[in-house]
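Engineer: From the sequence below, what's the structure:
(chains A and B)
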Amino acid sequence: MTDNHSGPESLAGVAAAEEAGDAARPSYDKERIKVAVAERKRTTYTPVQPDMQLGFVHNNMDCIGCRACEIACKDKNGLAPGPRFRRVMYVEGGHFPDVFAYKVNMSCNHCAEPACLPTCPTGAIFKRQKDGIVDIDSTLCIGCRRCEAACPFGAPQFDVTTNTVKKCNMCVDEIDAGRKPYCVMGCMMRVLDIGPIDQIRAGTYATKAVGPGDRTVRQVRNMANPELTNPSIAFVAHPKGKVE
Amino acid sequence: MSHDDRTSILGSALNVSRRGFMQGAAAAGAAAGVFTALEPKKAEAFAYEPYPRDDELVTVPTSCAHNCGSRHMLVAHKKGDVIVRLSTDDGRFQGPEGGYGYDTEQVPQLRACLRGRSYRARLYSAERLLYPMIRVGERGEGKFKRASWDAALDYVAQKMIDIKQKHGPQALLDQSYAGASYGVLHKSDQIEGLLGRFLGMFGCRTSSWSVPSYQATTFSSRMTFGTIEDGNEDDAYAHSKLIIMWGWNPAYTFHGGNTFYYMRMAKQRGCRFVLIDPQYTDAASAYDAWWIPIRPATDAAMMAGMAYYIFTNNLQDQDFINRFTQGVDAGTMPGWAAGKENFKDYILGTYDGVPKTPEWAAAICGVPATDIVKLADLYARTKPAALKASWAPGRNSNGEQYNRMAAALQAITGNIGKLGGCAEGVGKGWHAEGVAYPYDEFSNVWYASIKSDRWAHLVLNYPNLKREEIGLWPRGDELDGVVPNIRGIFWQGSNWFNQLTNINKQIQAIKKLDLVVCNDSTITPSGLFADVLFPVATHFERHDVALPWYKGHYYIHRPKVIQPMGESKTDFQIYTELAYRLGFGERYNPRASRDYFHHDDAVDEAYLTAWWDKVQHHQGADISWEEFKKRGTYKFKLPRLHVAFQDQIEKGIPFNTPSGKIEILSTTLAQTQDFTRTAWGYPIPSIPKWTEPFESLNHTDKVKDYPFHMITPHPRWRTHSIFHNIPWLRETYDQEITINATDAAGLGIKNGDVLEVWNERGKIVLPAYVTERVMPGVVVVHEGPWLDVDKDGIDRSGNPDFLTLDQPSPAGGFAYNTILVNLRKTDLNHRPGWDQLATSRAHVFRRGV
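Structural biologist: The predicted structure is shown next:
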């Protein structure tokens, strides 16, 4: 089975578990975790404070899940089968005939406090000052895959053909040429976009990804806690994907 | 060649070196300051490194070319003669007002789908056919040797002459299809393509008249409206208040460049959506539709129940009925039809004593009567409302009755010819100027014409069959009713052997033939059963203009982006050269000279400039051919949104039917005396009627052995069978059988378990996708995986056409969705495709890479 099925299957499973209530899961002291994370970050490194942070916005509800963005990305980056910088996850749930489905589309979230960056033993990972894009210098990458393990969102992808880890760099070449990345420009439904993440969150950024009356959120169900790394991504959530 | 070898070849062919990028591009310089001083490394002309930025590459606008209902822009970025990557429309190709990011409701960008975006992998795939090949093993064994063009062409020409002399003018079967096409010049087409003209001029051609995707729908549209151009342009969908997607999944099948996007606009403007389908599709979720699950092949019954509710509650638009329709009720029956049935009285049960009530319908279609009433009420009271009667429910036995019934609902609610309404049917919108190839009285000459998926039945039973069994099209001469003795098949842009119904029967039949010729750019499952393979240049390697055949008012220039790879030639070159060798080359390709096989540029340019001249004069395009070539696209701005039949309704122009009305009572059908003398072969009611399908979940005797109804929709990750071999797309899906979670639990089936699925016609093996999104009793297998038969005749690829029935519906519709099957867990392996575990065919075409 190829890995797309781990998408619907595992996410549907998570949805089901959450529906069943938290009682079924082991309990953690969330406050202690928060403190520990903050402590770790403070003692490990000081994240770059970019002049402006670019981020993605995706409409989970209106996305038809066509994955044109994924293929545009594969082609742009010349990737062989295996690494998938961008992943459109299919979430479904409910019971026949009252079912629901939605899509969560993620690549690298170019986090304000990237978890990958401090794990890199060779300093290959860096965050750009001008727009906060997180990129990997592939001439320094030794393929140890620590960043892959550290990222809560599965962004770094190991490429067996080069023995290095690669990931979305928001098409920096396009950004520097004043254009948007291939995935955004390939979105047939115009539900994926980039922009200054502060403006996207404030609702002041003009984008077709956010419809009239839509509101963006930092987190949707089935997604890791954004407090871990402060990811630069916003979603228009499906009603079933909303987190209180 | 082992699996590992193939992976690494693909890997290196598609890999962009990021190290090269880091050295070459200044982009990362700011942060990794150490690199700023490096000079960009000069890019080499071949392969994919170092990583060049878009602005360092030559940009060539072109389009995709596969057989879907859409056509999008691709922009090739090339270095030397190699396409390095593809992008799509970004607004810079819109003419004077355009610019990067320009994307308006009137002139939207034509953004390519996932299939279009994967074209580079197809162009450079391991399955690319580069040289002429002649079979050396048994037919279907897949053993070929490379041949010279001369040898291959002479072989085919000589065989053609022999067959025609021995068996007469019907002996060669034209199975061309639209797979290599949609261009105005290099046209592959079932009816009037380059192959049809070639065989017709040669004087030996049996054509295939029924169209796999939508023949029942075509029949309905022609009978009811007199045309298949019953469609609105996609932008009209933004103006509906209610869109009923009947068996339609615009998230999978892209009909029109931006249909799905305009529907999103409609949703933002308050439009409500309904889906009638056995599956809860991605379109249903994106448009937040009310899902009404329905038993497959029972759609016409549900519609009859809706009509009953509308009539008995007097919700019909009687004024519209009186003015524009024939045969809806007693008042609209023509004088000649005394004693014939009308639609309303059929629905009310006047003739058979069976009122087609919502309760009657519920028992057949499985939809609760309350939901039928609710939907009928919603549809009748919401103005304007679009009932989009898609093709898929028409791909059933008597599927034409579903489409005819839908047209009746569209008519009695007065939703035809109005913005926001819908009369689709086939749904072809704006009329494009589609013909640049030579077009004259030889463009569609045939000596017999049969229902397309009856060829194997014909070959296996010749000469002991009746004309109606194969849907023989009537003729006015001595060949009328003569059952053809098929001795050879030609394929152009066609993988029909993999795509028509009942493949096991085809495997038997093809062994009896004397000649099978396949033109393709890729080695396909059909090609493996050919005697001669002609390598065809892809649309990146020939000059043409693309058009959306279904919806969309634009043209996209398609230059020769790169030189043809290997020894590939265009279909037009191949047939012209064969025609010269057979003595009619000058007539076949009047603008060409004898050396067209080696010098096609000037000739193709001449055809296309002549075509653009027509576009300028007939359609008012206001730029020159040279300007069009420079710009890459031409998008028309229509004076008003294109809505089918608006002139008929607003200006009283007659419909193109015998009566000039919307024919709910079909004049043609009502006046047909002997159906065996028609191409349909069997009687078809003159008004829309619920007709029992060949098999369904209501057939309790059959359901005992085969308890599941299988439907076979179009996939999103292939266009029919095209792109099945693309690794990028293979990462995004599995070929699998969708089964309801409760059904699966009852059989102990878990997600990912491999199942064998069978009926009396064959057996396939594929993994299960267990979900709540499909109704109990129904399973879904997407059409088009490349067949992979083991020694026991079991298809390991999961191709549903091993199970489909080759008995077409009377109107010619393929019964692709009328299949009962049984299934169970199995130890047999599923072989998902050529790039993974399946028997690799690429060794046949080893190119020493």
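Engineer: which one in chain A is furthest away from the centre?
Structural biologist: residue A:97 (31.0 Å; CA atoms, centre = their mean).
Engineer: Got phi/psi on that residue?
Structural biologist: Backbone torsions of residue A:97, given as degrees, to the nearest 10, read phi -100, psi 10.
Engineer: Next up, the contacts around it.
Structural biologist: Listed by CB atoms under 8 Å, 6 or more residues apart in numbering or on different chains, the contact partners of residue A:97 are B:280, B:291, B:293, B:775. Backbone N, C-alpha and C define where each C-beta goes, glycine included.
Engineer: Within reach of chain A, which of these are there?
Structural biologist: B:280, B:291, B:293, B:775 (CB under 8 Å from any CB of the partner chain).
Engineer: how about a markdown table for the contacts of residue A:97, with distance to residue B:62 and neighbour count added?
Structural biologist: Shown next, in a markdown table, are the contacts of residue A:97 (distance: CB to CB, whole Å; neighbours: other CB atoms under 10 Å in any protein chain shown):
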| residue | distance to residue B:62 | neighbour count |
| --- | --- | --- |
| B:280 | 37 | 25 |
| B:291 | 39 | 23 |
| B:293 | 42 | 24 |
| B:775 | 42 | 23 |
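Engineer: out of those residues, which are inside helices?
Structural biologist: The members of the contacts of residue A:97 all map outside helices under DSSP state H.
Engineer: The closest residue to chain A within the stretch 551-700 of chain B: how many residues sit nearby?
Structural biologist: Using CB to the nearest CB, residue B:552 is the residue of the stretch 551-700 of chain B that sits closest to chain A, at 13.6 Å. Residues lying near residue B:552 (other CB atoms under 10 Å in any protein chain shown) number 27.
Engineer: same thing with residue B:192?
Structural biologist: 18.
Engineer: residues in contact with it?
Structural biologist: Going by CB under 8 Å, 6+ apart, the list of residues near residue B:192 reads B:439, B:443, B:444.
Engineer: Pull out the buried positions in stretch B:296-314.
Structural biologist: B:296-311 (16 or more other CB atoms under 10 Å in any protein chain shown).
Engineer: contacting residues for residue B:551?
Structural biologist: Taking CB under 8 Å, 6+ apart, we find residue B:551 in contact with B:69-70, B:231-234, B:255-257, B:259, B:427-430.
Engineer: From residue B:388, how far out is the residue nearest to it when sequence neighbours are not counted?
Structural biologist: Spatial nearest neighbour of residue B:551, chain neighbours left out: residue B:256 (3.2 Å); criterion: CB to CB, 6 or more residues apart in numbering or on different chains. Distance, residue B:256 to residue B:388, using CB to CB, to the nearest Å: 11 Å.
Engineer: Next: residue B:448.
Structural biologist: 36 Å.
Engineer: Just the ones of the contacts of residue B:551 in helices?
Structural biologist: By the criterion of DSSP H, membership of the contacts of residue B:551 in helices covers residue B:259.
Engineer: Which strand or helix spans residue B:362?
Structural biologist: Element membership of residue B:362 [criterion: DSSP states H and E] is helix B:358-365.
Engineer: can you tell me if the helix or strand just after that helix touches chain A.
Structural biologist: Later in the chain than helix B:358-365, the nearest helix or strand by DSSP H and E is helix B:369-381. No - Helix B:369-381 is not in contact with chain A by CB under 8 Å from any CB; minimum separation 10.1 Å.
Engineer: Show me how far the helix or strand following helix B:369-381 is from its chain's centre.
Structural biologist: Going down the chain from helix B:369-381, the next helix or strand is strand B:385-389, by DSSP H and E. Relative to its chain's centre, strand B:385-389 lies at 21 Å (CA atoms, centre = their mean, to the nearest Å).
Engineer: list the helices and strands whichever helix or strand comes after strand B:385-389 packs on?
Structural biologist: Where DSSP H and E defines the elements, the next helix or strand beyond strand B:385-389 is helix B:399-412. In terms of contacts (3 or more CB pairs under 8 Å, 6 or more residues apart in numbering or on different chains; DSSP states H and E), helix B:399-412 is packed against helix B:215-225, helix B:299-312, helix B:318-324, strand B:385-389.
Engineer: In CSV: these, plus distance to residue B:248 and mean pLDDT.
Structural biologist: Below are those laid out as CSV (distance: least, CB to CB, whole Å; pLDDT from 0 to 100):
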stretch, distance to residue B:248, mean pLDDT
helix B:215-225, 12, 97
helix B:299-312, 12, 98
helix B:318-324, 24, 98
strand B:385-389, 5, 98
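Engineer: For residue B:820, which of those is the nearest?
Structural biologist: helix B:299-312 (17.2 Å; CB to CB).
Engineer: Any stretches of the stretch 701-849 of chain B with poor pLDDT?
Structural biologist: Low-confidence segments of the stretch 701-849 of chain B (pLDDT under 70): B:834-849.
Engineer: Can you name the residue of it nearest chain A?
Structural biologist: Counting by CB to the nearest CB, the stretch 701-849 of chain B gets nearest chain A through residue B:727, at 4.2 Å.
Engineer: Residue A:80 is in contact with that residue, correct?
Structural biologist: Yes - under the criterion of CB atoms under 8 Å, residue B:727 makes contact with residue A:80 at 7.4 Å.
Engineer: Okay, helices next: where are they in chain A?
Structural biologist: Using DSSP H, helices in chain A cover A:6-20, A:30-44, A:68-77, A:116-119, A:146-150, A:172-176, A:182-186, A:197-202.
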